[in-house]
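Trainee: Sequence below, structure please.
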Amino acid sequence: VGRACPVIDDVQTFCAHSGESPNYGITNFDNIATAFLTIFQMITLEGWVDVMYWVEEFMTSWTNLYFLLLITVGSLFLLNLVVAVITLNLSNERQAKHKKSQAARWAAVASLGATGDETGAADVMWAAVAQTYQQEADELDKKDAPSPRGKRAQTMEDEDALFHAGGKLVSQKSRKKSLNRS
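Mentor: So this is what the prediction gives:
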């Protein structure tokens, strides 16, 4: 007539197949796939109390401890995981956007031409910095991951080596040369 179920209050119970599980057959622990689906449903805090009461009707009240632990640990873990993934993706997108804007800025500055330095060293430096930013932006497009911090620190040093003087961007070397001439 049914299979033996657990003994509850010194009474042997028998489980009979009723035909369909709750929630149109979705909520059950009959196989691993539907059990994972039911656990996921409970971790998302959607209808977990109903599932707990359904199980409690056929099992002991000790199953409530399982459900409370599952909800406490599972939902906190899931919430933190979702927040971490969203934060990481947002950070990667911001960094990629920043790299692309820096590459465009340096490319525009490099295309301005001579900066007043007769040796052309500043032009070479501008082109090198623009090329570095462009390479980093291309790497981000390929990998969809942030570049190593070492490259960013190096390019920041290159940025710090530049000054804005009299409407022109010049390197420290060319600025020192022009100051020594006057």
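Trainee: Can you spell out which helices and strands pack onto the lengthiest helix in the chain?
Mentor: Assignment by DSSP state H gives helix 75-110 as the longest helix of the chain. Applying 3 or more Cβ pairs under 8 Å, 6 or more residues apart in numbering; DSSP states H and E, one finds that helix 75-110 contacts helix 32-43, helix 121-143. Where you see a C-beta, it was placed from the backbone N, CA and C, and this is true even at glycine.
Trainee: is it possible to export the ones you listed to CSV including mean pLDDT?
Mentor: Compiled in CSV, those are given as follows (pLDDT from 0 to 100):
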stretch, mean pLDDT
helix 32-43, 88
helix 121-143, 71
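Trainee: Show me where the chain dips below the pLDDT cut-off.
Mentor: Residues of the chain meeting the criterion pLDDT under 70: 1-4, 14-19, 109-126, 143-182.
Trainee: how's it carved up into domains?
Mentor: Domain assignment for the chain by automatic domain parsing gives 3-61, 93-181.
Trainee: and L140, how many neighbours?
Mentor: Residues within reach of L140, counting by other Cβ atoms under 10 Å, total 20.
Trainee: Let me fix that, I meant to ask about P6.
Mentor: 11.
Trainee: Same check on M42?
Mentor: As a burial measure, M42 scores 21 neighbours (other Cβ under 10 Å).
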